[in-house]
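J.: sequence and computational prediction follow.
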Amino acid sequence: MSRLRSHLSPRIVLALLVVVLGGSLIALSASVTRPELGTPEQQAAVRTSRDVTTLPLQSACTVVPAKELFVTDVSVVDDCLRTTWGPCVIGSNPPAPATQGAWTFGTRIASLAGTTDRATLSTFTLNWLHSWSTDQTINGDLVPKRQNIQSVVIDPWLAASGGSTLDMKKAPFRLLAIVARLDLRQNAGYSGGTTAGEGRFVYDLLDANGNLTQFLAIFEYGLDAADCSAVLAWANLWHGLGSHAFGPDYNAALQAVTDRFATIGASPRKPNGSAINQVRSNEIQLASPWELREFKLISNVAGSPTPLTENTVAQTLAFSLQQTAAISTFVNANAAAILANNYVVPLTWNGAPFRGGAAPNQLQLGWDGPTPVCTSITDPNVRFSFSVNTCSGCHGTTETGTVFKQVQPRNAGTASQLSGFLTGINGVSDFCGIQHNFNDIDRRRVDLCQLLAKSCTQVNSEPVITFVH
Ligand code: HEC
């Protein structure tokens with residue numbers, strides 16, 4: 001059915017649904033004709049296009065992005081109870097044990113390893129950090145070591161821990177944001193199964209004096225959903241946060257949501273029982289240039305608990321392939337799927353390694369085939385779509401106007417600044433000169449507004465997308 005559906009225009013699908021569903025006709029037509037959300041085609045494009053130029057983003061819908069989608073408020077990210085190990089002065093009642101430290105980096109690590117055992121967590125974390133200590137070849141791509149991981153991260157953390165075991169309560173990271181990515185949901189037509197998208201925590205490494213650094217990490221957890229009603233339940237959970245005032249009440253409500261995916265054992269069927277999909281890093285603190293990496297719990301890698309292992313970078317090519325025919329032949333052969341954002345950059349293409357081991361970021365990167373530039377890829381919109389979906393393309397100036405970081409490191413007491421890609425930037429001229437407007441938080445707001453108004457039939461006929469971010 002889902003394969004069939006993808007060949008039918010949305011109008012034909014709607015007509016069929018009208019015939020089949022009869023009684024639910026009123027609810028259906030009410031949501032698809034809401035003028036502030038645009039035509040059905042535009043509504044679908046909210047999830048398949050990064051560029052918001054042709055999307056209707058005005059809407060009377062009550063989604064509050066700062067509370068439901070992208071939370072950076074100081075009352076949250078500096079909440080003494082949840083982002084430190086105390087002591088916190090909070091009236092006469094002691095905090096519930098599961099509250100203190102719930103949003104700390106150390107608690108994130110415990111949720112990945114599936115244990116609170118101090119020695120196990122130390123070994124698990126050191127094993128991850130040592131990914132940077134040696135040269136690695138990942139899918140044929142050489143990822144050079146960045147030995148400063150020892151002096152910049154490991155040694156100060158060990159010193160603060162007072163010995164040779166890393167103490168998770170001394171983890172030198174500051175919380176920047178908690179993010180709902182319901183827009184990354186997939187319906188039953190997706191081969192990976194139904195999911196409500198991701199819940200994310202963004203952190204910045206602190207130096208030995210507690211000052212911010214240029215080393216960011218993001219924990220990206222799956223929001224498990226067995227079916228469409230579970231997807232809608234997640235949407236309503238996040239949406240419910242909009243009615244709380246910032247402060248203790250909001251933070252308790254937010255933790256009730258984050259505890260569903262960011263705690264030990266949240267996803268019993270995944271490695272270590274953790275809901276984590278991947279951890280990603282973005283830094284220049286260890287060595288130049290900026291570099292992005294990706295890590296996963298890969299169940300067939302030996303170790304107990306399953307180690308957090310460096311993996312290829314999703315949707316991103318080995319840097320050595322820039323301006324070679326490998327790119328133009330892949331992009332031209334997959335043009336329709338790339339425009340629809342329903343494609344996966346494979347490990348190999350034409351028999352040679354293709355996906356990258358890491359993503360060095362020289363800032364002004366526009367992925368392209370052989371020179372002269374902007375000639376070997378037939379459709380410049382397809383080239384853009386392919387390039388913006390890479391780590392270095394989206395975290396760079398050429399395609400999105402982003403200066404390496406989407407979320408800025410912050411000092412205590414101030415909120416992180418966000419990129420124009422997230423908060424709105426117009427007229428970004430891409431590598432081949434096409435202008436784009438971005439406003440990703442607003443795009444996600446409209447998407448959540450739409451989702452909340454959808455029936456399961458509508459959710460199950462949404463286009464399958466393969467965004468990684
Ligand atoms: C289309 C744009 C896009 C792509 C592609 C992308 N990112 Fe991001 N990245 C973002 C946004 C936006 C955020 C903020 C969190 C969010 O909105 O989910 C972010 C946040 C991050 C962060 C934490 C904050 C920061 O600004 O550094 C890291 C680390 C990161 N991404 C790594 C990666 C890696 C590794 C890849 C490739 C596998 C990647 N990103 C691909 C847009 C993108």
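T.: Cool, got the structure. Bear in mind that the values here come from a model prediction, so they are computed numbers and not experimental data.
J.: strands along this protein, start to end?
T.: For the chain, the strands defined by DSSP state E occupy 70-71, 136-138, 141-143, 173-181, 195-206, 212-224, 276-283, 290-297, 308-311, 348-349, 352-353, 359-361, 425-429, 435-438.
J.: dump those into TSV; add mean neighbour count as well.
T.: Just so you know, the C-beta spots here come from the backbone N, C-alpha and C atoms, and that holds for glycine as well. Formatted as TSV, those follow (neighbours: other Cβ atoms under 10 Å):
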stretch	mean neighbour count
strand 70-71	24
strand 136-138	16
strand 141-143	19
strand 173-181	23
strand 195-206	24
strand 212-224	22
strand 276-283	23
strand 290-297	22
strand 308-311	22
strand 348-349	14
strand 352-353	16
strand 359-361	22
strand 425-429	14
strand 435-438	18
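J.: tell me which of these lies nearest to Asp78.
T.: Of all these, strand 173-181 sits nearest to Asp78, with 8.1 Å by Cβ to Cβ.
J.: which strands border the closest one, and is each parallel or antiparallel?
T.: Partner strands and pairing direction for strand 173-181 (DSSP bridges) are strand 70-71 (antiparallel), strand 195-206 (antiparallel).
J.: of the ones you listed, which is nearest Leu451?
T.: Closest approach to Leu451 among these (Cβ to Cβ): strand 195-206, 9.4 Å.
J.: now the closest one and strand 212-224, what's the angle there?
T.: 160 degrees (axes from the mean of the first three to the mean of the last three Cα atoms, to 10 degrees).
J.: show me what contacts the closest residue to Val64 other than its chain neighbours?
T.: Ranked by Cβ to Cβ, 6 or more residues apart in numbering and with sequence neighbours excluded, the top spatial neighbour of Val64 is Gly242, at 3.9 Å. Contact analysis of Gly242 by Cβ atoms under 8 Å, 6 or more residues apart in numbering lists Thr62, Val63, Val64, Lys67, Glu68.
J.: how about a cut-off of 10 Å?
T.: Shown in contact with Gly242 (Cβ atoms under 10 Å, 6 or more residues apart in numbering): Thr62, Val63, Val64, Pro65, Ala66, Lys67, Glu68, Leu69, Tyr250, Leu448.
J.: which one of these is nearest the ligand?
T.: Using Cβ to the nearest ligand atom, the shortest approach to the ligand within those belongs to Leu69, at 8.7 Å.
J.: what pLDDT does His469 get?
T.: pLDDT recorded at His469 is 74.
J.: which residues does Asn282 contact?
T.: Counted by Cβ under 10 Å, 6+ apart, Asn282 has contacts 202, 214-218, 290-293, 359, 361, 391-392, 395, 404-407.
J.: so what sits opposite it in the bridge?
T.: Listed beta-bridge partners, Asn282: Leu216, Leu292 (assigned using DSSP bridges).
J.: need the strands of the chain in TSV (columns: distance to the ligand and mean pLDDT).
T.: Shown next, in TSV, are the strands of the chain (distance: least, Cβ to the nearest ligand atom, whole Å; pLDDT from 0 to 100):
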stretch	distance to the ligand	mean pLDDT
strand 70-71	7	98
strand 136-138	13	98
strand 141-143	12	98
strand 173-181	5	98
strand 195-206	5	98
strand 212-224	4	98
strand 276-283	3	98
strand 290-297	4	98
strand 308-311	9	98
strand 348-349	18	98
strand 352-353	17	98
strand 359-361	6	97
strand 425-429	12	96
strand 435-438	9	96
